[in-house]
Structures are given as structure tokens and as C-alpha cells.
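1. here are the coordinates; sequence isn't available:
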């Protein structure tokens, strides 16, 4: 096994015969009423921004549910050849049907779902998603999530945080030239708040082998309330708990949520959001017969670790070590596959 991993690390491992006309992974990006934020997200997925890959390696399928504020056609014409754009007229207030549509027309061996088009990614996401899938034929590869800003956006909005402040923070780091500096202006998202070493509840960039995606039946169309309710958490849980899956977490990469007045991230008054969250949780229990609980997995951590992410590693480690000390448990045992030196 060790020799096998060394070959992966060195890039020597033989891969399955590849159909050169078919991309390895299909990113499905869902957009609704967020053109400014979606433009940055799509820019972060281009081969010009992503490191160590070419447009032959992957495709990006942009599915936009029609609103009064759709992506600018002039911008769409600038996208590279491995991008396609699909505008839909959706009757329900959920992204579920758009995601399943995107997956249905995709060609990659792996389906990578990005349910929220407002989430920019770091420059090593595509390369390391592909590395993750080489580790195991049932690898489910996930990218941790962050909010731009010093606190969760649903809390920050109570203190006046808005789109302009979000925009200024992104400008302040020299993005897109400094892609990993997104870590410098962000905090863990709520679903990833437990940190790297305790169970998370979702990933907004989750890549799944196509046969497992088919076995899961894609996104569950019963999640038909605003924003899809807990459908993304439901997919994450079902994928991570699928028999035989190897859960691979890209420790040094991230998705970064830009503020845009989303359903659960500050777009409405707190009382309205709390009402919606109650409705969302109730729907999950109706569908699954129990309250949502994060999946427990033993992930493999893969990828380079940029200096900018070190504070999140520290924040993730401290509570785990403190808990182990209180319980007099053995030291933390991590499975880490490092594919390169730490990134400055």
C-alpha cells in the first residue's frame, strides 16, 4: 500500500485508459440571482486560474435558474471552451432539479457538485480533486467551506456587513493573482465550523464517482423548498456513508462564500431565517425519518498546505487535543497524504 501511495505522490501511478475526448471530472455550478459573485466563482474555475491542469482535464457546466438578474452574455462569451452555460426556467424555489439536469448532461467520470455559485475556490481545487480520485476507485473528494469575512455572514449582516464590504475584502488581497490569500480574509462556514478533525455537515464542492452518483439517485428531488433545504447536507451524508467509500478531504483548498443576500446567509431578517431553518429541519425529518446528523468518517487529508491555511489547522487541532486530554485518550492519529511542500 505504501508503495502504491508513493507512486501517487510522485505522479507515477498508472491510470485507467482514458478517453481523451471525455473530461475526467465535471463541475456542476448552480447560479441564481447572483451575477457578480458567480462571475468570480467561474473565473476561479478557469484553467488560467487553476494550477497544474488543462481544459482537457475537466469541464464546467453552469446551470442558471432564470431570475431578473442573470449572468451577462458578454461575460459568458469570455469563458474557455471547457465551459458550457445552460439557462433554465425553474418552477420550484430549489436548485435540486438544476443540479440533476447538469449532472445528466455532464460527461466526466466524476460528478463534482457546487450547489452555490457564490463560492470561489482556491487554485489547487481541480488538480487535487483529480489526485483524490486516483487514491481509490470509490473516493469521495470534498473541499472545506469558508465565509469571506471575520465572522459567519448570517451574524455579520447584523453588524452591517454587506456586498460592498465583501467586495472590498476580495480587492484587498489582490485576488485573483493571490488565490490562496482568500484564507486571510475568511472564517470557517457554519457547516465546517467543527474544523478539519471533527465531523462536518456538508461540502460545497463535493466530487463523486459517476457510478456512486447514479446509485445515490443524484440529488433527492423531495427537497423542494427554498434553497433546497438540507439537500446538500443530505448528499454529503449519503455519499460519505456509501459502502466502501474513501473520504478524501483537501485540507489546503477551500470554497469561499461571497455575501449576496442568500436564503440562509443573511438575505432576510433573523426571525425570517429562523422560521425557514425550522421548516428546513422539519422537511429533512419528514424525508429521512430522523434529525440530521453529520456523517462520521475517517478522512484522508490530501494536498499541499498553504501557509495561509495554517491558522485553520491550529484552530481545528486545539479543541480535539483538549478533549482528548480531558478524556485521557491517545494522541490524535491523522491520515495525511502530502503531495508537495507547504505553499508560501
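-> Now that the structure is in, tell me what you want to look at. Everything numeric here is computed off the predicted structure, so don't read it as measured data.
2. can you list the weak-confidence ranges in the stretch 1-150 of the chain?
-> 1-20 (pLDDT under 70).
3. let me fix that: the stretch 151-300 of the chain
-> Residue ranges of the stretch 151-300 of the chain with pLDDT under 70: 262-269.
4. Excluding chain neighbours, give the residue nearest to the residue positioned nearest the centre of the chain in space.
-> Residue closest to the mean C-alpha point of the chain, counted by C-alpha atoms, centre = their mean, is residue 205 at 2.1 Å. Excluding its sequence neighbours, the residue lying closest to residue 205 (C-beta to C-beta, 6 or more residues apart in numbering) is residue 143, at 3.9 Å. Every residue, glycine included, has its C-beta placed from N, CA and C.
5. can you pull the contacts of that neighbour?
-> 121, 125, 129, 203, 204, 205, 206, 249, 250, 253, 254, 255 (C-beta atoms under 8 Å, 6 or more residues apart in numbering).
6. taking the residues you listed one by one, which sit in helices?
-> 125, 129 (DSSP state H).
7. buried subset of the contacts of residue 143?
-> 121, 125, 129, 203, 204, 205, 206, 249, 250, 253, 254, 255 (16 or more other C-beta atoms under 10 Å).
8. and of the residues you listed, the nearest to residue 280?
-> Residue 280 lies nearest to residue 204 out of these, by C-beta to C-beta, at 16.2 Å.
9. still on that earlier bit, which member of the buried ones among the contacts of residue 143 is positioned nearest residue 69?
-> residue 204 (21.0 Å).
10. what's the closest one in contact with, if anything?
-> Applying C-beta under 8 Å, 6+ apart, the residues contacting residue 204 are 114, 115, 116, 119, 143, 145, 189, 232, 255, 257.
11. I'd like the contacts of residue 143 as JSON lines, with distance to residue 71 appended.
-> Shown next, in JSON lines, are the contacts of residue 143 (distance: C-beta to C-beta, whole Å):
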{"residue": "121", "distance to residue 71": "18"}
{"residue": "125", "distance to residue 71": "21"}
{"residue": "129", "distance to residue 71": "24"}
{"residue": "203", "distance to residue 71": "24"}
{"residue": "204", "distance to residue 71": "19"}
{"residue": "205", "distance to residue 71": "20"}
{"residue": "206", "distance to residue 71": "23"}
{"residue": "249", "distance to residue 71": "31"}
{"residue": "250", "distance to residue 71": "27"}
{"residue": "253", "distance to residue 71": "25"}
{"residue": "254", "distance to residue 71": "23"}
{"residue": "255", "distance to residue 71": "19"}
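12. Perfect, I'm done here.
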